[in-house]
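J.: Got a sequence here, can you build the structure:
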Amino acid sequence: QVQLVESGGGLVQAGGSLRLSCAGPGRIFSSNVMGWFRQAPGKEREFVAIISRSGSDTHHADSVKGRFAISRDNAKNTMYLVMNSLKPEDTAVYYCAAGMYLSTRRESYAYWGQGTQVTVSS
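T.: As a prediction, this is how the structure comes out:
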């Protein structure tokens, strides 16, 4: 079973920053696009950011554009999400995912981590 492991979540005040990491097997990182999704209580899991295999193509949700940045280091089999200017509405469980196609639809991703909690206090 593929294991993607997220880390870096926590409690932060509004306006603060966090960096999430997602680590996994090399065979997954080398052959898949990657993405970050989030799920707040009572809401659907939603797209946050996605990145191509090489890292040259990225897309961010409008709600995080200009504040969050996705990146990946294939040599380290790790993906990152730098989150700046955090807002209370960013509070959610953040999941990393891997899949074959660069898509904002969560159904396109076959591999998922267990999630890491991000809580932003006002």
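J.: tell me which element Gly35 is part of?
T.: Secondary structure from DSSP states H and E places Gly35 in strand 33-39.
J.: What lies in contact with that strand?
T.: 20, 22, 45-53, 70, 72, 79, 81, 90, 92-104, 106, 109, 115, 118 (CB atoms under 8 Å, 6 or more residues apart in numbering). For glycine as for every other residue, the C-beta is placed from the backbone atoms N, C-alpha and C.
J.: Out of the residues you listed, which end up buried?
T.: Buried members of the contacts of strand 33-39, scored by 16 or more other CB atoms under 10 Å, are 20, 22, 45, 47-51, 53, 70, 72, 79, 81, 90, 92-99, 102, 106, 109, 115, 118.
J.: nearest residue to the spatially most central residue of the chain other than its sequence neighbours?
T.: By CA atoms, centre = their mean, the mean C-alpha position of the chain lies nearest to Trp36, the distance being 2.3 Å. Nearest non-adjacent residue to Trp36, counting by CB to CB, 6 or more residues apart in numbering: Val48, 4.3 Å away.
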